[in-house]
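Chemist: sequence below, structure please.
(one chain, ligands or ions: 1)
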Amino acid sequence: MKIVVAIGGSILIHDYNAKMFKIYSDILKDLSKEHELFVVVGGGKPAREYISVVRELGCGEAQSDAIGIEVTRINAQLLLSALGDSAYQKVPENFKEALEYSAFGKIIVMGGTEPAHSTDAVSAILAEYINADLLINLTSVDGMYDKDPNKFEDAKLISEIHASDLVKFLEGKDVKAGTYEFFDMTAAQMIKRSKLETVIANGEDPENLVKIVNGETIGTKVVSD
Ligand code: UTP
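Modeler: All right, here's what the predicted structure looks like:
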């Protein structure tokens, strides 16, 4: 399969150490024996911290986004360092480059592209661009809940949602630099229009990636309308 894997920055660089980069690199190397992999890495805490400094300097949203993008690319570079020869050792800055670099038959790792969305959207657009079979979004929660699990104890995980309902759920949510909701509207719209097979799951347990690729049902599956 041709698979796009989005890994949230908060998972990879939670504690400013190499642990998760190493674990994910081993899993990705293993999966790449059978699948063509494109990985999109988020910014996490370092992105939010840098963005708050740019804001203090009085810069606007697009400039704050640009700093966020740079941080996602640093995280992508770190994952490339962990992957070594299994990955193409350059971070694509756009989708065309990602496709070009993939001709070498190695794992591709990228971060952000342009302002006004998060790496969730990058992964969904990339999945469209390369005509992926599967989009996996690894985040720091188990998937999508019927209400905020941080506020409501009885919040239930939604195992399956239609793409149009995901779009409806995200309408009116915040789109400021560094503060994207659990999932990004642009990503949801891409998934809807291209009927991308998508799974949103918890990446704190890296084995979840293997389980999803092997067809196990975990997290939230987004199904086409
Ligand atoms: P993330 O994709 O990590 O955003 O990119 P996020 O959803 O806010 O962070 P997590 O997933 O909760 O950790 C970090 C920031 O970089 C900018 C945005 O400001 C985003 O919030 N960014 C990223 C872009 O503007 N364009 C991109 O293509 C990617």
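Chemist: and for the closest residue to Leu83 other than its chain neighbours, the neighbour number?
Modeler: The shortest distance from Leu83 to any residue other than its chain neighbours is 4.8 Å, reached at Ser25 (Cβ to Cβ, 6 or more residues apart in numbering). (C-beta placed from N, C-alpha, C; glycine too.) Here the neighbour count serves as a burial measure; for Ser25 (other Cβ atoms under 10 Å) it reads 24.
Chemist: go on, Val223?
Modeler: A count of nearby residues for Val223, using other Cβ under 10 Å, gives 15.
Chemist: swap in Asp15?
Modeler: What Asp15 shows, counting by other Cβ under 10 Å, is a neighbour count of 8.
Chemist: and it, how far is that from Lys45?
Modeler: 9 Å (Cβ to Cβ, to the nearest Å).
Chemist: what pLDDT does the residue nearest to Leu83 get?
Modeler: Taken from the predicted model, the pLDDT recorded for Ser25 is 98.
Chemist: that one: which element?
Modeler: Here Ser25, judged by DSSP states H and E, is contained in helix 19-31.
Chemist: where does the protein have low pLDDT?
Modeler: By pLDDT under 70, the weakly predicted segments of the chain are 174-181.
Chemist: how about the residues of it that lie near the ligand?
Modeler: With the criterion set to Cβ under 6 Å from any ligand atom, the chain comes near the ligand through 8-10, 42-44, 47, 65, 68-69, 72, 112-115, 117-119, 122, 177-180.
Chemist: burial count for Ala103?
Modeler: Using other Cβ under 10 Å, Ala103 has 8 neighbouring residues.
Chemist: now, of the residues of the chain next to the ligand, which are buried?
Modeler: Listed as buried from the residues of the chain next to the ligand are 8-10, 42-44, 47, 65, 68-69, 72, 112-113, 117-119, 122, 177-178, 180; burial here means 16 or more other Cβ atoms under 10 Å.
Chemist: for the chain, which helix extends over the most residues?
Modeler: The helix spanning the most residues in the chain, taking DSSP state H as the definition, is helix 61-83.
Chemist: and the strands in this structure?
Modeler: Remark: strands of the chain, listed N- to C-terminal, are 2-7, 36-41, 108-110, 134-139, 144-145, 157-158, 160-162, 198-202, 220-223; assignment by DSSP state E.
Chemist: CA atoms only: put the fourth one into CSV for me.
Modeler: Coordinates of the C-alpha atoms in strand 134-139 are reproduced here as CSV (Å, rounded to 0.1, in the frame of the first residue of the first chain):
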residue,chain,number,x,y,z
LEU,A,134,-4.5,5.0,3.3
LEU,A,135,-4.1,8.1,5.5
ILE,A,136,-3.2,7.5,9.2
ASN,A,137,-3.3,10.4,11.6
LEU,A,138,-1.5,9.7,14.8
THR,A,139,-2.4,12.2,17.5
